[in-house]
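> Sequence unavailable; structure follows:
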């Protein structure tokens, strides 16, 4: 590879079930040249997120499907290399939809500058980026926790879940996390200050939740779906709120799993279950970033990143999400800032 | 039977599945004597409602279970026969929790007087009673339909469903009903003014709904649950609201039916599914009754009652609900006012 060449990971095929490395192909292409009013960005960190599994389906969901033979879409942080765009100049750090590629041309759409003196630039993809905004707006606007309530969150050691529990604590709630290893459970309990944690791989989730939530579950922030959702539904309180943010346990199923409908617990408890997409709150990101940055500065919010080194490892890093192998926000480090 | 004796239907046994007449026993008891500050009510109309199936289970839900050997609970309209209660005098028509019995003693709890000059007294159990309030508050407060939206309601010819569709029309919505016979479908379309109706027994509900709701379903008022709910979920719009009011198709199942979880359509559409119990709006019934009575007087709301004659037919009338045999609010006529 020379400096004249860029690399891309393209979608090679659509998996019927769990994705594998064979679904992606590495391609080398000439570094693109930005047109008038455009900029060239050199990627530094690329983000891997569960939602990308949805893009691999040949189904229009809330976003278009990825196309076979084209670079996977995704967020990243990079450095402006060349720019004739009035708002961006070379050397600036930016965050936006770079895709799974080492170099991206942009007309500025969806791009924002990142101040590297405020926080590590990788946080623009995590606590101060999409996952942070997901936790902040999903919990506060859809979950609406009140002081003294019990908030349960799944994938509790993940990029979103870890923040949900900490924000719940800052609002005077009891925070209970569900995670897939004793190390993750210990982390959220001992380092992040959750009141309790349940290892869904080694315990009966329903029984463990009943112990961890003696007064029932007032808010459930669901990142995983599946049978864990069923277990939580069995112990919701009157007027409980269930934030449907993700369902990583179900993304790779070839056929939907069957389960009892949630209607009876919803009816008996007059509870609410509501789907949430962070993009609907894009107009309020500045508010969310300011609040989250303030909490970080005050030492009231902690975050953890799981950084895999090297662009060639993008698919491998992506697959870790579906095996619960990541511990914190999954990133791939692609390069260093030039200056 | 002499005038000294009252009759009661008591719960004889709990059905594992669909209830039958054998689950009830008719008992003759002396007409009770009201104590100080109490009143004796002679039943005129008794109400039969799907929620009573829940009371037959040995499970505390939002209300206590009925007890074996005790009179079934339920609403009714009657005439005050004897009263030492300061708020009630003999000859008045009252509505309240009379139970499945010809005579009831009350201390006034849950009792209200009914003005027989305003509307037929039986309407206090239907359009101006619990079903009317269910339609009014469930649709407007939980469903929150906006002008131009499409509102779908199941059990559309029933006590609640018929009103939901008409209230939706009064709010400028497209109203689509789901019902179990061509006669019921014709009724809601031609007599009640629904825009379309789907016979779930003779058509593919999903395909028929797609035709009846070309712009998708914005509000679904669900009285039946089951596979009809699944079919509606497949065509909800962004920010759709699903009011879980009842699930009569599932009440008598020995084991919950399994179905795909509704989380994916809720997430993709950022939709909300919420349980609703009319009792939570009891403090606002006067507002609801005034509004519904006004619409009836103006001829803008129609209602239909399905009256079975004779107290001895209570269980038989109750079972009609589960077979979809009732056509309008199911009542049993027990007596005539004395004056």
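Thanks, I have it. All values derive from a computational prediction rather than experimental measurement. Residues are numbered from 1 along each chain as shown, chains lettered A, B, ... in the order given.

> So what pairs up with the nearest residue to residue A:261 once chain neighbours are set aside in the strands?
Leaving out its chain neighbours, the residue that sits closest to residue A:261 by CB to CB, 6 or more residues apart in numbering or on different chains is residue B:259, at 5.4 Å. C-beta coordinates here come from the backbone N, C-alpha and C atoms, glycine included. Residue B:259 has these beta-bridge partners by DSSP bridges: residue A:259.

> so who does residue B:259 touch?
Applying CB atoms under 8 Å, 6 or more residues apart in numbering or on different chains to residue B:259 gives the contacts A:258-261, B:227, B:230.

> cool, and residue A:140?
Counting by CB under 8 Å, 6+ apart, residue A:140 has contacts A:167, A:171.

> Quickly note the distance from it to chain B.
16 Å (CB to the nearest CB, to the nearest Å).

> Surely that residue is within a helix?
Yes. Judged by DSSP: H, G, I helix; E, B strand; the rest coil, residue A:140 forms part of a helix.

> and the gap between the residue nearest to residue A:107 when sequence neighbours are not counted and residue A:86?
Leaving aside its chain neighbours, residue A:107 sits nearest to residue A:38 (5.2 Å; criterion: CB to CB, 6+ apart). Note on residue A:38: its distance to residue A:86, by CB to CB, to the nearest Å, is 11 Å.

> Just want to know which of the two has more residues nearby.
residue A:38 (17 against 8; other CB atoms under 10 Å in any protein chain shown).

> Pretty sure residue A:84 is one of the things the more buried one touches, is it not?
Yes. In this structure, residue A:38 is within contact of residue A:84 by CB atoms under 8 Å, at 6.6 Å.

> if we can go back for a sec, quick one: buried ones out of the contacts of residue B:259?
Neighbour-count burial (16 or more other CB atoms under 10 Å in any protein chain shown) applied to the contacts of residue B:259 gives A:259-261, B:230.

> of those residues, closest to residue A:289?
Nearest to residue A:289 among the buried ones among the contacts of residue B:259 is residue A:259, at 36.9 Å by CB to CB.

> ranges for the helices of chain A?
For chain A, the helices defined by DSSP state H occupy A:52-55, A:130-137, A:161-170, A:182-186, A:205-212, A:226-233, A:263-269, A:285-297, A:314-322.

> Report the mean per-residue pLDDT for the third one.
What that stands for is helix A:161-170. Averaged across helix A:161-170, pLDDT comes to 98.

> Which strands or helices does it pack on?
helix A:130-137, strand A:150-154, strand A:174-179, strand A:217-222, helix A:285-297 (3 or more CB pairs under 8 Å, 6 or more residues apart in numbering or on different chains; DSSP states H and E).

> which parts of it are buried?
Of all the residues in helix A:161-170, those buried under the rule 16+ other CB under 10 Å are A:161-169.

> who's in contact with it?
Contacts for helix A:161-170 (CB under 8 Å, 6+ apart): A:127, A:131-132, A:135-136, A:138-140, A:145, A:151, A:153-156, A:174-177, A:179, A:188, A:192-195, A:219, A:221, A:223, A:292, A:295, A:300-304, A:328.
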